[in-house]
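# any chance you can model this:
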Amino acid sequence: MTDWTGIRQICKVDTSLNYGRHLIRKFLRDAAPFDSVLDIGSGKGDDLLYCREICPSADLAGIDLNEENLKVLARQEMRGISVNIESDPIPFSDSSVQVIIINQVLEHVKEIFWVWHEMTRVLQPGGSILVGVPNLASLHNRLLLAFGRQPTAIHLHSAHIRGYTRDGLMSFLARAWPGGYTVADYGGSNFYPFPAALAKPLARLFPGLAWGLFLSLVKSDRPYSDEFIRYPIDSRLETKYWVGQ
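Next comes the predicted model:
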């Protein structure tokens, strides 16, 4: 059994880099100006603070199920919303949000078709979805698989239930809604098992081998007609997915 907690401590891995804040900030600057941002799984609003820094007048909202996090958002004059993104509609009207952030959330989600349906429904044409997920194809996960070990991105004892690669995510989007999203920017953050001084340049040089994948996706102006929630039905997937009432 590999004790990755011990290895991270010995190698002085900076796990805060897993959130790719520098990439989220870069993507936000490129998406500016914007007037509305929704952060799904917002936590205490760290990414939303970057939004305020870049566009101070933007309407900022965060979805989170933690009551303490919602209180922190309120103290920062951000709108906190408590909904279950795997079964509830996002309480925004169609095409009403300019930027959506979903950072370190999609790996926890089973109902991927419903989540992408709702994000696509509320996002404006030409708007951006900023995605951050652990990279199943990172260097350390490839080495673990080569020795018959479980990748850390989908440890069975963790809360992660999905593993992502860049190709896998883009293939999912292309199959479910062909031509719906294009990649505006892409990067990697952190590089196990190296300390920050090495992890940062390695992730910049080899993003496909980094711990985390970060993409800025732009929604096309083609009409959206519920393709994401129609896909599991039309494809007759054996696993039952939530597609709304």
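# need the three-state assignment for residue 124.
strand (DSSP: H, G, I helix; E, B strand; the rest coil).
# which element follows the helix or strand encompassing residue 144 toward the C-terminus?
Secondary structure from DSSP states H and E places residue 144 in helix 139-146. Using DSSP H and E, the helix or strand that directly follows helix 139-146 along the chain is helix 166-176.
# could you point out which element follows that following helix?
Downstream of helix 166-176 (by DSSP H and E), the next one is strand 181-189.
# residues making contact with that next one?
17-20, 22-23, 26-27, 30, 128-129, 132, 135, 166, 170, 173, 203-204, 206-220 (C-beta atoms under 8 Å, 6 or more residues apart in numbering). No exception for glycine: its C-beta is placed from N, CA and C like everyone else's.
# apply 6 Å and report the result again.
17, 20, 23, 27, 173, 203, 207, 210, 212, 214-218 (C-beta atoms under 6 Å, 6 or more residues apart in numbering).
# tell me which strands it pairs with, and in which orientation.
strand 212-219 (antiparallel) (DSSP bridges).
# now the partner strand: average pLDDT?
Mean per-residue pLDDT for strand 212-219: 98.
# with stretch 67-76 instead?
97.
# how many residues are close by residue 80?
20 (other C-beta atoms under 10 Å).
# assign it to helix, strand or coil.
From three-state DSSP, the assignment for residue 80 is strand.
# quick one: contacts for it?
Residue 80 touches 62, 70, 73, 74, counting by C-beta under 6 Å, 6+ apart.
# quick one: buried ones out of these?
Buried subset of the contacts of residue 80 (neighbour count, 16 or more other C-beta atoms under 10 Å): 62, 70, 73.
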